[in-house]
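[1] Here is a sequence with its predicted model. Questions after.
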Amino acid sequence: MNDDELIASAAAYLNPRRLDDRLIGDVASTLVTDRGNAYHGVCIDTASGTGFCAEHSAIAAMVTGGEERIEAIVAVWRDENGALYVLPPCGRCREFIRQLHPDNLGTRVVLGRDRAVPLRELLPEHEWPASLD
């Protein structure tokens, strides 16, 4: 799946709606594994702060499917005028991807139609520190 197809796939899962004062489904994510399988997820906002990002949702679906190595990932959001945006993963999502599998440092993170970087570039200090003793 190329980057445009990955973006389009994520956009197909956007389904924003309100539940009381919370917004859910306004960000969607698609990831592709090293086996070529695609998994999708949406964000869930909660009043208590226990919600999660669309990337977490897609990763949970992937793990449920028996996989842990992410080849590429993207998250998208559409504004009230219909314009589509690619969102970079937050710090929590970056670290979540990294800790899931060591090879995920090479995950292609799609940041736009013509821009993608390996996760390691978004987490420059990803190695455990050396002992001072």
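    Done, it's in.
[2] Show me what the helix or strand encompassing E5 is packed up against.
    Following DSSP states H and E, one finds E5 within helix 3-11. The contact analysis (3 or more CB pairs under 8 Å, 6 or more residues apart in numbering; DSSP states H and E) places helix 3-11 against strand 22-33, strand 38-44, strand 70-78, strand 84-87, strand 108-112. Bear in mind the C-beta positions are built from the backbone N, C-alpha and C, glycine included.
[3] quick one, what contacts T46?
    T46 is in contact with R22, counting by CB atoms under 8 Å, 6 or more residues apart in numbering.
[4] before we move on, back to that, so what strands line up beside the following helix or strand past the helix holding E5?
    As assigned by DSSP H and E, the chain's next helix or strand after helix 3-11 is strand 17-19. For strand 17-19, the paired strands and their directions (DSSP bridges) read strand 22-33 (antiparallel).
[5] The partner strand: how far from the chain's middle?
    Here the centre of strand 22-33 is set off from its chain's centre by 8 Å, with CA atoms, centre = their mean, to the nearest Å.
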